[in-house]
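Asker: Next comes the sequence, and after it the predicted model I'd like to discuss.
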Amino acid sequence: MKFGTKTIHAGVHPDPATGAIMTPIYQTSTYAQRSPGDHQGYEYSRTHNPTRTALQDALAALENGNYGLCFASGMAAIDAVVKLLKPGDEVISTNDLYGGSYRIFTKIFQQYGIKFTFIPMGDIATVEGHITQNTKMLWLETPTNPLLNIIDIKGAAEIAKKHNILLVVDNTFATPYLQTPLDLGADLVMHSLTKYMGGHSDVVMGALIVKDEDLAQRLAFIQNACGGTPGPQDCFLLLRGLKTLHVRMQRHCENGRAVAEYLQKHPKVEKVLWPGFESHPNHQIAREQMRDFGGMISVVLKGDRQEDAIQVLEKFKYFTLAESLGGVESLCGHPASMTHASIPQAERLKGGLSDSLIRLSVGIEDIEDLLADLEQALG
Ligand SMILES: *Cc1c(COP(=O)(O)O)cnc(C)c1O
């Protein structure tokens, strides 16, 4: 199956009881057994639920993996991954990381004796110098949030294999429409399904996808033992959203390109961060590992003043000022004071996250309206 066919058909079968085309919302916590242990594959909905199973199978197919696991949020999925580790283990992660990931690593797991090192990964070869005998996991996201840096997944996978380290890729920004990290050698793909995968800003959910059976079993054990699982209603909404992923992403990419090119020429703009520009430091890697460049764009204003950024954000009509990204509607945000407020300012500036940086999640509205909105807001 090609990608667009998979988004519609993978994992979903007409309901065996009624023939319903759409997987029903199995709103049940438990399942009747004929005799103790004699059941139809479902015992208790924290462990398995048919609506969740359909979604997990669809996600596994889209990422070219063998196993999918869903969680009540992206953070619950991240939580499950780190629980594969033990005190003394070390994780190397990119310094330009989703704020919530940075927070759970440093504020929750560090106190249990797991060590995290945050480094730039623009030149992937430099990662090798940070590996110790305790390094067990390499954690990256690409494109990164919000600086839109690109990290070489294949290069990271080679280093991880050589040192027998697990490579985890947070694929939230790209989605499998743009890149499939498991095909590039990653061991584990993580998603905040809340963003592009759900696509309609109406559900919070997360997922993990792997190829390896043993790893899948260890994660399924954690999923059931710790219990951060989603309900069937949310799984249904996600399945519904996924069916248009390819169409939405195509338009996000087209609109993203138009917005990036418009902003690049604007007199009030200092620089535009978008991997589609040839001037982007890792444009070549983006071309190789991604199908297109996505709809996430960051803009730094001339003078780099936070007040100017806030003024622009307040004037937008169609770009709604809100946390999150990846919905059909355009959103904008100010990472320094919103999503990344939990990262200390010194750390932020060191990583290149300036005070006037505005992050745009370009939606799938008509591009003429979006460009007019940018025009009036930048004034
Ligand atoms: C939103 C997000 C998360 C966290 O996911 P939630 O669904 O909000 O818990 C993790 N990584 C990235 C890149 C995100 O954008």
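Answerer: Sure thing, it's come through. Residues are numbered from 1 along each chain as shown.

Asker: Make sure Tyr31 is actually in contact with Tyr42.
Answerer: Yes: counting by C-beta atoms under 8 Å, Tyr31 touches Tyr42, with 4.3 Å between them. Every residue, glycine included, has its C-beta placed from N, CA and C.

Asker: what's next to stretch 321-331, contact-wise?
Answerer: Contacting residues not belonging to stretch 321-331 are listed as 172-173, 194-201, 248, 296, 313-314, 318-320, 332-334, 338-339, 359-365, 370, 373 [C-beta atoms under 8 Å, 6 or more residues apart in numbering].

Asker: Then stretch 160-171?
Answerer: Applying C-beta under 8 Å, 6+ apart, the contact partners of stretch 160-171 are 63, 78, 81, 84, 98, 101, 128, 131, 135-142, 153, 156-157, 159, 179, 181, 185-192, 215.

Asker: rerun at 7 Å
Answerer: Stretch 160-171 is contacted by residues 81, 98, 101, 131, 135-141, 153, 156-157, 179, 181, 185-191 when judged by C-beta atoms under 7 Å, 6 or more residues apart in numbering.

Asker: Whether it contacts the ligand - can you check?
Answerer: Yes: Stretch 160-171 lies within reach of the ligand by C-beta under 6 Å from any ligand atom, at Asp170.

Asker: Give me the contact list for stretch 200-215.
Answerer: 59-60, 63, 65-77, 80-81, 182, 187-194, 198, 216, 219, 230, 234, 237-238, 241, 324, 327-329.

Asker: Name all residues that make contact with the closest residue in space to Arg251 that isn't next to it in sequence.
Answerer: Leaving aside its sequence neighbours, Arg251 sits nearest to Ile364 (C-beta to C-beta, 6 or more residues apart in numbering; 4.1 Å). Taking C-beta under 7 Å, 6+ apart, we find Ile364 in contact with 248, 251-252, 255, 328.

Asker: Identify those among those that sit within helices.
Answerer: 248, 251-252, 255 (DSSP state H).

Asker: out of these, who's nearest the ligand?
Answerer: His252 (14.5 Å; C-beta to the nearest ligand atom).

Asker: The closest one and Asp355: what is the separation?
Answerer: Computed as C-beta to C-beta, to the nearest Å, the His252 to Asp355 distance reads 27 Å.

Asker: Compare neighbour counts for these two and give me the winner.
Answerer: Here His252 and Asp355 are set side by side on neighbour count (other C-beta atoms under 10 Å), and the busier one is His252, at 28 against 20.

Asker: Tell me the pLDDT of the spatially closest residue to that one that is not a sequence neighbour.
Answerer: Computed as C-beta to C-beta, 6+ apart, the closest residue to His252 that is not its neighbour in sequence is Gly295, at 3.3 Å. Gly295 carries a pLDDT value of 97.

Asker: Hmm, Gly295 is touching Arg359, no?
Answerer: No: using C-beta atoms under 7 Å, Gly295 is not in contact with Arg359; the gap is 11.3 Å.

Asker: The two - which one has more neighbours?
Answerer: Shown here are Gly295 and Arg359; by other C-beta under 10 Å, Gly295 has more neighbours (27 against 24).

Asker: mind listing what that one touches?
Answerer: By C-beta under 7 Å, 6+ apart, the neighbours of Gly295 are 252-253, 255-256, 361-362.

Asker: what's the closest of those residues to Phe277?
Answerer: Distance to Phe277, by C-beta to C-beta, is smallest for Gly256 among those, at 11.5 Å.

Asker: Run a quick neighbour tally on that closest one.
Answerer: 25.

Asker: I'd say it and Leu360 touch.
Answerer: No: using C-beta under 7 Å, Gly256 makes no contact with Leu360, being 8.5 Å away.

Asker: what residues do the two have in common as contacts?
Answerer: Ile297.

Asker: part of a strand, is Asp57?
Answerer: No: assignment of Asp57 by DSSP: H, G, I helix; E, B strand; the rest coil gives helix, placing it outside any strand.

Asker: So it versus Asn171, what's the distance?
Answerer: 18 Å.

Asker: Neighbour count for those two, which is higher?
Answerer: Asn171 (27 against 17).

Asker: which residues touch the closest residue to that one other than its chain neighbours?
Answerer: Excluding the flanking residues, the one nearest Asn171 by C-beta to C-beta, 6+ apart is Val189, at 4.9 Å. Going by C-beta under 7 Å, 6+ apart, Val189 touches 63, 65, 169, 171, 181-182, 209.

Asker: cool, Pro230 as well?
Answerer: Counting by C-beta under 7 Å, 6+ apart, Pro230 touches 52, 70-72, 205.

Asker: And for Tyr112?
Answerer: Contacts of Tyr112 (C-beta under 7 Å, 6+ apart): Pro87.
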